[in-house]
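A.B. asks: Give the three-dimensional model of this entry:
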Amino acid sequence: MKAFIAPIVGCAALLALTTPSSADEVRTYDNGPVWSIAYIQTKAGHFDDYLKFVSTTWKAEQEALKAKGWVLDYKVLAPQDPRDNEADLILMIEYKNMGVMDVPLDEMDAITKKLSGSITAANKAYADRETIRTEKGQVLTRELVLK
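C.D. replies: Next up is the predicted model:
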C-alpha cells in the first residue's frame, strides 16, 4: 500500500508546483466607463436641421446629466463618406459605469420637463425628429482599461 501512495503524493506535489495559483494570475485590464453609441442617418437635405437639435436640445440634456455626475462626456462624430444606408452621425455618451444609468424615472422626468416643458412636449419633439432622421442602431459598450 505504501508503494502505491508514494507515487500519488509525488504526482500531487508536482502538479501543485506546475499549476499556476490564482494569486499569480494578473488581469491585464479593468472595467472602464460605459458608452452608449447611437448611429443616426439624417434624411436627405436635413443634416443641418438635425445638427440644430443636437447642438441645442441634445447638448443641453447631456450638460444637465453631466452636472448631475451621471454623464462623464459626450461626443458627436461625422463619418466621412458613409456608404448608402449608413449613419452620417454618431452620438456617443460616456457614463461612469452601468449603475449611473439606473436613474429613478422621476429624476429623469424632472430633467425632461425642465428642458422640454413637459413629457408630452418631449415625446412630440422625439416623434417630429423621425421626419428628419432615422436611428440605424444603438450599442451599449463597456470600455476596457488596459493596465
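
A.B. asks: CA only for contacts and neighbour counts going forward, please
C.D. replies: Will do.

A.B. asks: For the residue most central in space within the chain, pull up the helix or strand it's in.
C.D. replies: Centrality entry for the chain: nearest residue to the mean C-alpha point is residue 35, 2.1 Å, by C-alpha atoms, centre = their mean. Per DSSP states H and E, residue 35 falls inside strand 29-42.

A.B. asks: Please work out which residues outside stretch 131-147 touch it.
C.D. replies: Residues outside stretch 131-147 that contact it (C-alpha atoms under 8 Å, 6 or more residues apart in numbering): 28-43, 46-47, 49-50, 86-87.

A.B. asks: cool, and stretch 70-90?
C.D. replies: With C-alpha under 8 Å, 6+ apart, stretch 70-90 has contacts from 37-42, 62, 65-66, 91-96, 100-101, 136.

A.B. asks: quick one on the thing from earlier: of the contacts of stretch 131-147, select the buried ones using a ChimeraX command.
C.D. replies: Buried members of those, defined by 16 or more other C-alpha atoms under 10 Å, are picked up in ChimeraX with:
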select :32,33,34,35,37,38,39,40,41,42,50,87
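
A.B. asks: before we move on, the earlier item: strand partners of the strand holding residue 35, parallel vs antiparallel please.
C.D. replies: With DSSP bridges as the test, strand 29-42 is paired with strand 89-95 (antiparallel), strand 133-146 (antiparallel).

A.B. asks: That concludes my questions; thank you for your assistance.
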